[in-house]
Structures are given as structure tokens and as C-alpha cells.
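Asker: sequence first, then the predicted structure, then my questions.
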Amino acid sequence: MLPPLARRFVAGESAASALEHTRRLNDDDIGVILNLLGEHYHERAPAEADAEAYCRLIEDVAETDLRARLSVKPTQLGLFVGEDTFRELLTRVVECASDHGIVVWIDMEDYTTTDATLDAFEHHAREHGNVGVCLQANLKRTSGDLQRLADLPGKVRLVKGAYDPPPEVAYQDSARVDEAFETHLEYMFEHFTDGIAVGSHDPAMLARAATLHQEYDTPYEVQMLMGVRQRAQRDLARRQAVWQYAPYGSKWLSYFYRRVTENVDNAKFALRALRP
Ligand SMILES: Cc1cc2nc3c(=O)[nH]c(=O)nc-3n(C[C@H](O)[C@H](O)[C@H](O)COP(=O)(O)OP(=O)(O)OC[C@H]3O[C@@H](n4cnc5c(N)ncnc54)[C@H](O)[C@@H]3O)c2cc1C
């Protein structure tokens, strides 16, 4: 069972609890991006099981009036089994979602998966349009990738990058990553007509996005993780589109560990909750 400590960051172990969470957030005008926890599968069976679980989730969402989307990980849908498996399972999920007008986001994982992820995104963006992909500002290649995506339908989420790529391919210094994030944001506001998502909790990046929105008048949405800056999410949602990324499922432990170790405020929360 999900311990109370993890409930801040994870929307329960079942699809039903994730949908309950979605309804609560929707009441505060926050949309929810649901992610079934799972990644790095080296066998087809768990990848296929997760693709089926996403299709069932899509059917469940379609029976409600919930504002919900999905976010899937390429290695969850079989990228390590083979690119063909990934493409096949992603197609299954995107087609289920497309039938119900639901958007499927594709998370970006380790830099070795970027090409396969973008190729799959491009295919589905041209074919269905109901897809989005994440780009990481810490990767040196990202300005080229943004140019490639600028003329495609579909959505793009810009994040700083959660992985630890080597210096040959990525900026190591956080100030340099922030600088790249701002440069990419400006490119997106200037060249994308729609579909910009700013995936950050950083007040400086969010302020920059708000300024660029005033300058270029391009619509955008803010995306934040469940459990992080929750009050800010509700405040922002009063004036603009906010989507919360909410993971759920039984494989919550490593996700929870990542959240409490990446940020001092998250770690303080965990320590406070553990205090007798
Ligand atoms: C919706 C979403 C989807 C994501 N998808 C991906 C993905 O597909 N691939 C990937 O590599 N990464 C992804 N990430 C993670 C991302 O790359 C970053 O690792 C993560 O968001 C931390 O960076 P940050 O921009 O929030 O700011 P940070 O650089 O972590 O923090 C900057 C500032 O933000 C504020 N802040 C941050 N966290 C807190 C907190 N807990 N409490 C209070 N203030 C805080 C503080 O002022 C802090 O100084 C995603 C993030 C989000 C929000």
C-alpha cells in the first residue's frame, strides 16, 4: 500500500485513485497528465501490459468529463526491447487516445533515446496530431531539435532535464542550463503557433514565459509535478492553463526517491513527515 509520505507525489496505486485525484484537481481548474509508473523494461510482456493499461485508462477517462491526458515513457513501451516494439505499442496507445480526442505526451528519457523518441513523435504528430513530446534544455542538441519540431503539429514541453548526460552532449552547469532554457523558450514563443508547455517549478523560468507570452501573444501552458509547489499551481491556474503531471501505480518507490533527493524543499517535506 502507498504510505502517506508518498501520497504527496503519487496519485495512488490504481487507475481509480488517479482518476479521483484528477477530479479533485479539475475542481481547482488544473488539468492532469497521468503517468503509469514503469520504465526500462527489457522484455515485451511488461511493456505490452502497460500499453494495455493505458488503453483501459483512456476508456475510463472517455466515460467521464475529466480534463486528463497521458504521459508515457519510451522505455516503458518497449524501446529497450526494440524500436519496432516501441513504435507498435506507442501506436496502440496513441490510436486509442486519438479515438477519444485525448492527448498523449511522450516523456524524454536518457540522451541515448532522444532520436528514437523524436522519430516516433514526428510520425504520430503528422498522422494524428494528438501527441506531445518533451525536450531537455540541458542537452546541447536541443536548439536543432526545436527547429525540427517547429513546423510539425503536436505539442512540445520544455524542461531542464532530469538525467545526468556527459559533458560531450550536455551542459553541466545549472546557470548554463537556465540560460539555454530561456533561449529555447524565446525560440518557441517566436516560432511555435500553439502547443507550448513550460515544464518547470522555477519562478524565474515561469516569469520569463509570462513575459514572452505578453511579447509574442503565443498561447502556452505551465506543467508542474504533483506534490511540488502545490499552492503556486492553484494560484497560477486562476489566470492561465496549468497541467499537473501525476504519476500512479505500484512502482512508486524509485519515483518517490527521485523527488525527495532532487530538491531541498521536497527533502524537508519528507523529513517533516517522518518526524514522530
Ligand atoms: C510536468 C513535468 C514533466 C517533466 N518531464 C520530464 C521529462 O520527460 N524528461 C526529463 O528529463 N525531465 C522531465 N521533467 C523534470 C525536469 O527536467 C526537471 O528535472 C525538474 O522539473 C526540476 O527542474 P525545475 O525547472 O523545476 O527547477 P529546478 O532547477 O529544480 O529548481 C529551480 C527553482 O524552482 C523552485 N523549486 C523547484 N522545486 C521546488 C519545490 N519542491 N518546492 C519549492 N520550490 C521549488 C525553487 O525556487 C528552485 O530554486 C519534468 C518536469 C515537469 C514539471
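Answerer: Received it, and whenever you're ready, just let me know what you need.

Asker: where does the closest residue to residue 213 other than its chain neighbours fall, phi/psi-wise?
Answerer: Nearest residue to residue 213 in three dimensions, chain neighbours excluded: residue 220, at 5.9 Å (C-beta to C-beta, 6 or more residues apart in numbering). Placement of C-beta: from N, CA and C, glycine included. The phi/psi pair for residue 220 (degrees, to the nearest 10) reads phi -150, psi 170.

Asker: dig out what residue 220 forms beta bridges with.
Answerer: Counting by DSSP bridges, residue 220 forms beta bridges with residue 196.

Asker: which stretches of the stretch 1-150 of the chain form strands?
Answerer: With DSSP state E, counting those that start in this stretch, the ranges of strands along the stretch 1-150 of the chain come out as 30-36, 68-72, 104-106, 131-136.

Asker: give me the angle between the longest one and strand 131-136.
Answerer: When you say that, I think you mean strand 30-36. On the basis of axes from the mean of the first three to the mean of the last three C-alpha atoms, to 10 degrees, strand 30-36 is oriented at 80 degrees to strand 131-136.

Asker: returning to what we had before: if I look at the residue nearest to residue 213, how far off is residue 156?
Answerer: Distance, residue 220 to residue 156, using C-beta to C-beta, to the nearest Å: 10 Å.

Asker: same question, residue 137
Answerer: 12 Å.

Asker: over to residue 261?
Answerer: Counting by C-beta to C-beta, the gap from residue 261 to residue 156 is 28 Å.

Asker: what sits against the closest residue to residue 48 other than its chain neighbours?
Answerer: Sequence neighbours aside, residue 89 is the residue nearest to residue 48 in space, at 6.5 Å (criterion: C-beta to C-beta, 6+ apart). Residue 89 sits next to 47, 48, 51, 77, 78 when contact means C-beta atoms under 8 Å, 6 or more residues apart in numbering.

Asker: would you list these in JSON lines and tack on neighbour count and pLDDT?
Answerer: Below are the contacts of residue 89 laid out as JSON lines (neighbours: other C-beta atoms under 10 Å; pLDDT from 0 to 100):
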{"residue": "47", "neighbour count": "24", "pLDDT": "98"}
{"residue": "48", "neighbour count": "18", "pLDDT": "98"}
{"residue": "51", "neighbour count": "22", "pLDDT": "98"}
{"residue": "77", "neighbour count": "27", "pLDDT": "98"}
{"residue": "78", "neighbour count": "26", "pLDDT": "98"}
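
Asker: one step back: need the overlap of contacts for residue 220 and residue 156.
Answerer: 188, 196, 197.

Asker: the first one reaches residue 147, doesn't it?
Answerer: No: in this structure residue 188 lies outside contact range of residue 147 using C-beta atoms under 8 Å: 10.9 Å.

Asker: more crowded one of the two?
Answerer: residue 188 (24 against 11; other C-beta atoms under 10 Å).

Asker: helix, strand or coil for the more buried one?
Answerer: Using DSSP: H, G, I helix; E, B strand; the rest coil, the structure places residue 188 in helix.

Asker: excluding its backbone neighbours, what's nearest it?
Answerer: The nearest residue in space to residue 188 (C-beta to C-beta, 6+ apart) is residue 196, at 5.0 Å.

Asker: count of neighbours near that neighbour?
Answerer: Other residues close to residue 196 by other C-beta under 10 Å number 22.

Asker: nearest residue to residue 203 other than its sequence neighbours?
Answerer: residue 232 (8.0 Å).

Asker: tell me which element that neighbour is part of?
Answerer: helix 230-237 (DSSP states H and E).

Asker: what does residue 222 give?
Answerer: Assigned by DSSP H and E, residue 222 falls in strand 220-225.

Asker: ok, and for that strand, which residues are buried?
Answerer: Neighbour counts over strand 220-225 (16 or more other C-beta atoms under 10 Å) mark 220, 221, 222, 223, 224, 225 as buried.

Asker: from these, pick the one nearest the ligand.
Answerer: residue 223 (3.6 Å; C-beta to the nearest ligand atom).
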